[in-house]
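Enquirer: return atomic coordinates for the entry below.
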Amino acid sequence: MIVGWSRNTSRQTIDYARPNENTTLIEPVKACHEDIPIFLLIVVCSSLRNFEARQTIRETWGNSTNFNYPVFEKLHGKYDKFYLKPNNKHWERYAENSTTSDHQLNRSNFNIRVVFLLGVPTNERSFDELQYQINYEHELYGDIIQENFLDSYNNLTIKTVLMLKWANINCVEKVKYIMKCDDDTFVNVPNLIHVLLGGTVPVYNATVSVNDKLSINARSARNRLSEGKNLLLGFKFCSAKPIRDVRSKWYVPNYSFNGEVFPDFLSGTAYLMSFETVNKLYKGSLSTPMFHLEDVYLTGFVADRLKIKRQHHPLFSFVSIKDRCSLRGMITQHYMAKENLKEAYNFIMNFSTQCSVPKKSFLSDKLDLNSTTSDHQLNRSNFNIRVVFLLGVPTNERSFDELQYQINYEHELYGDIIQENFLDSYNNLTIKTILMLKWANINCVDKVKYIMKCDDDTFVNVPNLIHVLLGGTVPVYNATVSVNDKLSINARSARNRLSEGKNLLLGFKFCSAKPIRDVRSKWYVPNYSFNGEVFPDFLSGTAYLMSFETVNKLYKGSLSTPMFHLEDVYLTGFVADRLKIKRQHHPLFSFVSIKDRCSLRGMITQHYMAKENLKEAYNFIMNFSTQCSVPKKSFLSDKLDLVKRQTLSWTVILLRNVNKMLRFNFLA
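Expert: Numbers count the residues shown, from 1 in each chain. The predicted model follows:
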């Protein structure tokens, strides 16, 4: 159950908005009571006790005298060829003291107002003292809106509906835009004004990753904001699913919403509305059943009913980014404590700070925004390759919400996350991979030819892999002689072509591997889990490849095969063995990394690659001027000093913290 929103609690918004009553206890002195119309009214939803956060905002980004449009040119002036200037010709009526013809736009202070929205205390004991402090704060600054409702997280929807009500009563024909944000959000007001005027913000190196393929080209007129009446702008979530985990602050019980997917909505950390949208959302909310997640409710359910388009803008971020230069090129960042807000403001206002932009040769269609291996094509052929990331849910209750929030953000940026509902841990890797097979069987039938599963510390030479899947072979380099066997060493032999069978299961094969009984090992296998002497042949879980027919068979077969915690042994061993699926060995799938970088040229995968190693590997491969030698023409496979693989006992150090040697015998 959601606190305050039980199954029997009224969902009639009209019961809480009370449209025919005056619910405002305190209202701001200046906002919507001036002769000059307000260009932008920013309403900060603040918690009652967050006095310091409100004061910090007043002193930093909320100081519209110092932090206004003239700052934009100081921030970005040296990069004026990297962005579009405004095209809005109706700005004069919103600029302060704009009475002369020589008044210039880039020197204009727009009429911006920042107010703070509060409710009333939920604790009766502290009511009088807290209310006294709020009254005093309002007397000092005159920027408080206090509405008559219990101020709590689960009442944020009521809070925002009452904000819309207040604006509709007080600000008709007095405000052009209203932004709603949280009190731990930093707003780059100069950038926001520039965007609202039809301009674009230059892309900095620190903001490349948050932009998409369209917005990355800040010189494109397609990125100008169109001045429509029904503007609803922010960071858009698409196809988000309700969280059913009762531990989450975003928990959604079925009695509240029993659908599978929310309508598209904007992150509640910051979104912007034209006044026409404010009016429509308020009226629409009065006949839309209440839902406790404010952003999902107003910008999702209500906006969807009213057919109001939710516009995505990547420069609205619902997380904070470590690189301070990102603040220069964005509109909002979230999760900013009061000290971070001050640091952010001071950084931006230090105009001597240098923040670099991409080189002129930078092209959006060549950006590698998320992956180092998925987008490259072979011989100009457009092979449709997709890379997705499989995750579970956090195991730590304390970090659940923050981590889930970041994952949602990552997915909105790149759209390449599969998140399944299981506790994500090493010993649950088998569950993870079975759910991958399940997802593929539900979504990818007749749509995918091959599926590869690999770890996130694996480098995949995608061009080599495609070539092998097309029936070709990879040349042998001196650096890869030792990993090849007596058959594969002859790359010119037709015997090395991959046969296009339906039940393909390909990778590095372990044969006659024995279970590890040492309790200190991460691969420890107790007798109660498996009491045999030898595992069935299996492929290394670091990377293996399946035809879709194999994916289908492995999933169905797994449902009737007892679970075992070592994922590769289970799926490619026990399950595949039951189904009589042949495990094909390919020596160019490596479950270790090789020091000689030239080995990357001639292999398909290498494992144990940290993120910096992945980047180095990619840069090495893409440096086509690098010379990697091949064996001389006189090189003969039958003269190679290779021990026969049938009897080879290969020793590999597998334990990082235990000085123990483990032996694996493997066959071709």
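Enquirer: in a helix, Y132, correct?
Expert: Yes - under DSSP: H, G, I helix; E, B strand; the rest coil, Y132 falls within a helix.
Enquirer: distance of it relative to G142?
Expert: When distances are taken as CB to CB, to the nearest Å, Y132 and G142 turn out to be 17 Å apart. Quick note: C-beta positions are derived from backbone N, CA and C, even for glycine.
Enquirer: for the two, indicate the residue with more neighbours.
Expert: Per other CB atoms under 10 Å, whichever of Y132 and G142 has more neighbours is G142, with 14 against 10.
Enquirer: any idea how far that one lies from A31?
Expert: G142 is 9 Å from A31, by CB to CB.
Enquirer: and what of E147?
Expert: 14 Å.
Enquirer: cool, and V203?
Expert: Taking CB to CB, one finds V203 at 34 Å from A31.
Enquirer: ditto for C45
Expert: Distance from C45 to A31, by CB to CB: 15 Å.
Enquirer: quick one: contacts for G532?
Expert: Listed by CB atoms under 8 Å, 6 or more residues apart in numbering, the contact set of G532 reads P515.
Enquirer: ugh, wrong one, N66
Expert: N66 touches M349, counting by CB under 8 Å, 6+ apart.
Enquirer: what separates it from Q55, distance-wise?
Expert: 15 Å.
Enquirer: now the most centrally placed residue in the chain: closest residue in space, sequence neighbours ignored.
Expert: Nearest to the geometric centre of the chain sits E410, at 0.3 Å (CA atoms, centre = their mean). Nearest residue to E410 in three dimensions, chain neighbours excluded: I417, at 6.3 Å (CB to CB, 6 or more residues apart in numbering).
Enquirer: just K338 next, same as before
Expert: T56 (4.2 Å).
Enquirer: can you check S425 too?
Expert: T395 (5.6 Å).
Enquirer: I figured that neighbour hits Y426, correct?
Expert: No - if you go by CB atoms under 8 Å, T395 and Y426 don't touch, sitting 10.5 Å apart.
Enquirer: more crowded one of those two?
Expert: With neighbours defined as other CB under 10 Å, T395 and Y426 compare such that T395 has more, 13 against 9.
Enquirer: just the strands in the stretch 1-150 of the chain please.
Expert: Secondary structure of the stretch 1-150 of the chain (DSSP state E, counting those that start in this stretch): strands at 24-26, 38-45, 112-120, 144-150.
Enquirer: tell me what the helix or strand that contains V161 is packed against?
Expert: Using DSSP states H and E, V161 maps to helix 156-170. Counting contacts by 3 or more CB pairs under 8 Å, 6 or more residues apart in numbering; DSSP states H and E, helix 156-170 is packed against helix 13-17, strand 38-45, strand 112-120, strand 144-150, strand 175-182, helix 275-285, helix 294-296.
Enquirer: buried residues in it, which are they?
Expert: For helix 156-170, a neighbour-count test (16 or more other CB atoms under 10 Å) marks 156-168, 170 as buried.
Enquirer: with stretch 604-615 instead?
Expert: So, applying 16+ other CB under 10 Å, buried residues of stretch 604-615: 604-607, 609, 614.
Enquirer: not counting its neighbours along the chain, what's nearest V483?
Expert: P587 (5.3 Å).
Enquirer: helix, strand, or coil at that neighbour?
Expert: P587 ends up coil, using three-state DSSP.
Enquirer: close enough to count as contact, it and S488?
Expert: Yes - look at P587 against S488 with CB under 8 Å: they come within range, at 5.3 Å.
Enquirer: quick one: secondary structure of D568?
Expert: Once three-state DSSP is applied, D568 turns out helix.
Enquirer: my guess is it meets D537, correct?
Expert: No - using CB under 8 Å, D568 makes no contact with D537, being 11.0 Å away.
Enquirer: looking at those two, which one has more neighbours?
Expert: D568 (23 against 20).
Enquirer: ok, the residue lying closest to that one once chain neighbours are set aside - how many residues close by?
Expert: Distance criterion CB to CB, 6+ apart; nearest residue to D568, sequence neighbours excluded, is G541 at 3.1 Å. Per other CB under 10 Å, the neighbour tally for G541 reads 23.
Enquirer: try S248
Expert: S248 has 17 nearby residues by other CB under 10 Å.
Enquirer: flag the shaky bits of the stretch 51-200 of the chain, pLDDT-wise.
Expert: Applying pLDDT under 70 to the stretch 51-200 of the chain picks out residues 88-93, 96-104.
Enquirer: over to the chain?
Expert: 1, 88-93, 96-104, 360-382, 634-668.
Enquirer: of all the strands of the stretch 1-150 of the chain, which lies closest to V483?
Expert: For those, the distance to V483 is smallest for strand 38-45, at 59.0 Å, taking CB to CB.
Enquirer: for the buried residues of helix 156-170, give me JSON lines that also has distance to Y405.
Expert: Output for the buried residues of helix 156-170, formatted as JSON lines (distance: CB to CB, whole Å):
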{"residue": "L156", "distance to Y405": "15"}
{"residue": "T157", "distance to Y405": "19"}
{"residue": "I158", "distance to Y405": "22"}
{"residue": "K159", "distance to Y405": "20"}
{"residue": "T160", "distance to Y405": "19"}
{"residue": "V161", "distance to Y405": "23"}
{"residue": "L162", "distance to Y405": "25"}
{"residue": "M163", "distance to Y405": "23"}
{"residue": "L164", "distance to Y405": "25"}
{"residue": "K165", "distance to Y405": "29"}
{"residue": "W166", "distance to Y405": "29"}
{"residue": "A167", "distance to Y405": "28"}
{"residue": "N168", "distance to Y405": "31"}
{"residue": "N170", "distance to Y405": "33"}
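Enquirer: wait, which of these is closest to Y528?
Expert: For the buried residues of helix 156-170, the nearest to Y528 is L156 (49.6 Å; CB to CB).
Enquirer: how many neighbouring residues does the nearest residue to the closest one once chain neighbours are set aside have?
Expert: In space, and not counting its chain neighbours, L156 is closest to E294: 4.0 Å by CB to CB, 6+ apart. The local packing of E294 (other CB under 10 Å) involves 22 other residues.
Enquirer: same deal with F351?
Expert: 10.
Enquirer: please shift the residue numbers so they start at 51 in all later answers.
Expert: Sounds good: first residue 51 from here, last item F401.
Enquirer: show me what contacts it?
Expert: 124-125.
Enquirer: please, where are all the helices along the stretch 601-718 of the chain?
Expert: 617-619, 626-628, 661-672 (DSSP state H, counting those that start in this stretch).
Enquirer: same check on the stretch 451-600 of the chain?
Expert: Going by DSSP H, counting those that start in this stretch, the stretch 451-600 of the chain shows helices at 479-493, 512-519, 598-608.
Enquirer: quick one: the ones you listed as CSV, columns for mean neighbour count too.
Expert: Output for the helices of the stretch 451-600 of the chain, formatted as CSV (neighbours: other CB atoms under 10 Å):
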stretch, mean neighbour count
helix 479-493, 18
helix 512-519, 20
helix 598-608, 20
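Enquirer: output these in JSON lines; the columns should cover distance to E187.
Expert: Formatted as JSON lines, these follow (distance: least, CB to CB, whole Å):
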{"stretch": "helix 479-493", "distance to E187": "50"}
{"stretch": "helix 512-519", "distance to E187": "59"}
{"stretch": "helix 598-608", "distance to E187": "60"}
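Enquirer: which one of the ones you listed lies nearest to R355?
Expert: So among the helices of the stretch 451-600 of the chain, helix 479-493 is nearest, using CB to CB, at 28.9 Å.
Enquirer: measure how that closest one sits relative to helix 598-608, angle-wise.
Expert: Helix 479-493 runs at 120 degrees relative to helix 598-608, counting by axes from the mean of the first three to the mean of the last three CA atoms, to 10 degrees.
Enquirer: for helix 479-493, packing partners?
Expert: Short answer (3+ CB pairs under 8 Å, 6+ apart): helix 479-493 packs on strand 439-443, strand 467-473, strand 500-504, helix 598-608, helix 617-619.
Enquirer: please name every helix or strand in contact with the fourth one.
Expert: It refers to helix 598-608. Helix 598-608 packs on helix 479-493, strand 500-504, helix 626-628, going by 3+ CB pairs under 8 Å, 6+ apart.
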